[in-house]
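> starting from these lines, generate the structure:
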Amino acid sequence: MYRKTYVEIDEEKLKNNAKEIINKYSNYNYYFAVVKNNAYHHGIKVVNSLIAGGINYLAVSSLEEAIEIRKYNQNIPILVLEPIDLEFIDDVINNSVTLTVDDLSYMEKLASLKLPYKVNIHLKIDSGMNRLGFKKRTDLNKAINLIKDNKKLFLEGIYTHLATSGISDIYYDQQIQTFLEITKDLDYKDIPIIHVDRSLTFVSHKKLEFANGIRLGIALFGFNGSRKIGKGLKAKLREMKRQMIVKKKKISPAILENDLNLHTAFSLYSTVMAVRTVKKGEFVGYSATYIMKEDGIIATIPIGYADGVTKDFGFVVINHKRFPIVSDSMDMIMVLVDKSVKIKDKVEILGDTISIKEVTQRIGINAYHLFNQISNRVPRIHKMADEEIEIKY
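Take a look at the predicted model:
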């Protein structure tokens, strides 16, 4: 790397996260790792570490992402969660990709093709998201009959996507009931994989009896979804209010806390590029957004909002000390430091001291957005045991 600005990915932590989840939620047969958007910007290379941790199926959002995975693993099954234009069916077959079929029209077009090899299909049910999937039981039944009549199509799975956690809302229960209603004519024993729950919901509810798979997204990357009730008066009042809502709306029981021991594997570092003394009353950065209150020292760091980092991040850590970010620009941030800071000192922006949770709470976004905010112009350094590999995107 040239700027000494990089994301560090600890693949051992990702492998251990997968092991931890599978060990504590061992009553499933299929564990899907959702690795869309470059594995939540951790880098698609991590798939093999997740597989080493016990993951036995991958899920992505596009054929492009599936083909990228094939550079790293030729054997793991891959489900594309969005329908793929059937003009690219040869690429689907050549890369052993599992298709999502989301409506009857798509199914009819697929069934009309002269396929050279068998294609695996997962049927998507729209249980309430109103995004993708079968909304009518009659259409679903027709689609299944088309599959049964075609020797080159194999119904491997059926699934839906849940919009909420169902902890304090009725939508989880409603979506499960809708799924059951739309699929009521199916014999679940004839379908190898049924996957419904995701990271937010599998820890919050008992396993659905008919499901044998779960899709793991943000949980694999270090977030266990546990909700601490707390011990103070405000916490007790919040829980009393929640219980009243649950009783009034007849919401099914939910699990608030879990003991999953998961760790984030994503850290962000840079290096001090310049250090200068700035006098009281002088300004720092564009639009004179920061005025020095007294004589001080400004360090310039080669990372900016083009990389996904702004002054709203609040602080950086240099030599085990926190220093405030006072200004930002496209490629650089300026930090108010002290005499201990020197050029080439390592800078932690996200890591052991400044956690992802802390930054997301400060800037008002969730971890999904923060991961995706760190742009691909920042190279990724993948750590595995004693090996480090740099990947540029």
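> tell me the domain ranges of this protein?
Domain assignment of the chain by automatic domain parsing yields the ranges 11-225, 226-256, 266-354.
> what's the span of the last one, first residue to last?
Across its full length, domain 266-354 reaches 12 Å between end residues, using Cα to Cα, to the nearest Å.
> begin at 454 from here
Yep, numbering from 454; the last one is domain 719-807 now.
> so how far is that domain from its chain's centroid?
How far domain 719-807 lies from its chain's middle: 29 Å, per Cα atoms, centre = their mean, to the nearest Å.
> show the contacting residues for residue 833.
Shown in contact with residue 833 (Cβ atoms under 8 Å, 6 or more residues apart in numbering): 459-462, 495-496, 498, 843-846. C-beta here means a position set from N, CA and C on the backbone, and glycine is covered the same way.
> comparing the domains of the chain, which yields the minimum mean pLDDT?
Mean pLDDT per stretch puts domain 679-709 lowest among these, at a mean of 81.
> list the buried residues in it.
Within domain 679-709, the residues scored as buried using 16 or more other Cβ atoms under 10 Å are 680, 695, 699, 704, 707.
> next one: stretch 719-735
719-726, 728, 731.
> where do the strands of the stretch 554-703 of the chain begin and end?
572-578, 606-613, 646-648, 666-669 (DSSP state E, counting those that start in this stretch).
> as a markdown table, the ones you listed with distance to residue 455 would be great.
Formatted as a markdown table, the strands of the stretch 554-703 of the chain follow (distance: least, Cβ to Cβ, whole Å):
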| stretch | distance to residue 455 |
| --- | --- |
| strand 572-578 | 43 |
| strand 606-613 | 44 |
| strand 646-648 | 43 |
| strand 666-669 | 35 |
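> Serialize the ones you listed to a markdown table and add fields for mean neighbour count and distance to residue 816.
Formatted as a markdown table, the strands of the stretch 554-703 of the chain follow (neighbours: other Cβ atoms under 10 Å; distance: least, Cβ to Cβ, whole Å):
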| stretch | mean neighbour count | distance to residue 816 |
| --- | --- | --- |
| strand 572-578 | 23 | 33 |
| strand 606-613 | 22 | 32 |
| strand 646-648 | 23 | 33 |
| strand 666-669 | 24 | 26 |
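> nearest to residue 809, of these?
strand 666-669 (17.6 Å; Cβ to Cβ).
> which other residues reach that closest one?
In contact with strand 666-669 (Cβ under 8 Å, 6+ apart) are residues 471, 474, 478, 481-487, 508, 510, 512, 610, 612, 646-652, 655.
> mind checking which of those residues are in helices?
Secondary structure from DSSP state H places 471, 474, 652, 655 of those in helices.
> can you put the residues you listed in TSV and add neighbour count and distance to residue 558?
Formatted as TSV, those follow (neighbours: other Cβ atoms under 10 Å; distance: Cβ to Cβ, whole Å):
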residue	neighbour count	distance to residue 558
471	23	37
474	26	37
652	21	31
655	24	32
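> now distance to residue 825 too, for those, in CSV please.
Listed next are the ones in helices among the contacts of strand 666-669 as CSV, based on distance: Cβ to Cβ, whole Å:
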residue, distance to residue 825
471, 21
474, 22
652, 16
655, 22
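> which one of the residues you listed is nearest residue 818?
Using Cβ to Cβ, those come closest to residue 818 at residue 652, 17.0 Å.
> how many neighbours does the residue nearest to that closest one when sequence neighbours are not counted have?
In space, and not counting its chain neighbours, residue 652 is closest to residue 672: 3.9 Å by Cβ to Cβ, 6 or more residues apart in numbering. Residue 672 has 25 neighbours, counted by other Cβ atoms under 10 Å.
> how much space between residue 672 and residue 626?
Going from residue 672 to residue 626 by Cβ to Cβ, to the nearest Å gives 22 Å.
> and residue 665, by the same measure?
Taken as Cβ to Cβ, the span from residue 665 to residue 626 is 21 Å.
> coming back round to it: might one say that the residue nearest to residue 652 is in contact with residue 711?
No. Contact criterion Cβ atoms under 8 Å: residue 672 and residue 711 do not qualify, at 10.1 Å.
> ok so, going back, taking the buried residues of stretch 719-735 one by one, which sit in strands?
Among the buried residues of stretch 719-735, the ones falling in strands (DSSP state E) are 719-724, 728, 731.
> ok, of these, which one's closest to residue 579?
Lowest distance from residue 579 to those (Cβ to Cβ) belongs to residue 719, with 32.5 Å.
> who does that closest one bridge with?
residue 462 (DSSP bridges).
> wait, it sits on residue 812?
No. Using Cβ under 8 Å, residue 719 makes no contact with residue 812, being 11.2 Å away.
> between those two, which contacts overlap?
Counting by Cβ under 8 Å, 6+ apart, the shared contacts of residue 719 and residue 812 are residue 803.
> what about stretch 656-671, how long is it end to end?
End-to-end distance of stretch 656-671 (Cα to Cα): 12 Å.
> repeat for stretch 485-500
11 Å.
> how about stretch 640-655?
End-to-end distance for stretch 640-655, by Cα to Cα: 23 Å.
> how far away is residue 724 from residue 799?
Using Cβ to Cβ, residue 724 is found at 6 Å from residue 799.
> try residue 655
Where residue 799 is concerned, residue 655 sits at a distance of 38 Å (Cβ to Cβ).
> do residue 824 as well
For residue 824 relative to residue 799 (Cβ to Cβ), the value is 22 Å.
> what's the helix or strand for residue 815?
In this assignment (DSSP states H and E), residue 815 forms part of helix 809-816.
> which residues touch that helix?
Under Cβ under 8 Å, 6+ apart, the answer for helix 809-816 is 675, 717, 719, 763, 765-767, 803, 819-820, 822-823.
> buried residues, it. List them.
809, 812-813.
> now stretch 765-772
766, 768-771.
> in TSV: the residues you listed, plus distance to residue 561 and secondary structure.
Listed next are the buried residues of stretch 765-772 as TSV, based on distance: Cβ to Cβ, whole Å; DSSP: H, G, I helix; E, B strand; the rest coil:
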residue	distance to residue 561	secondary structure
766	51	helix
768	57	strand
769	56	strand
770	58	strand
771	61	strand
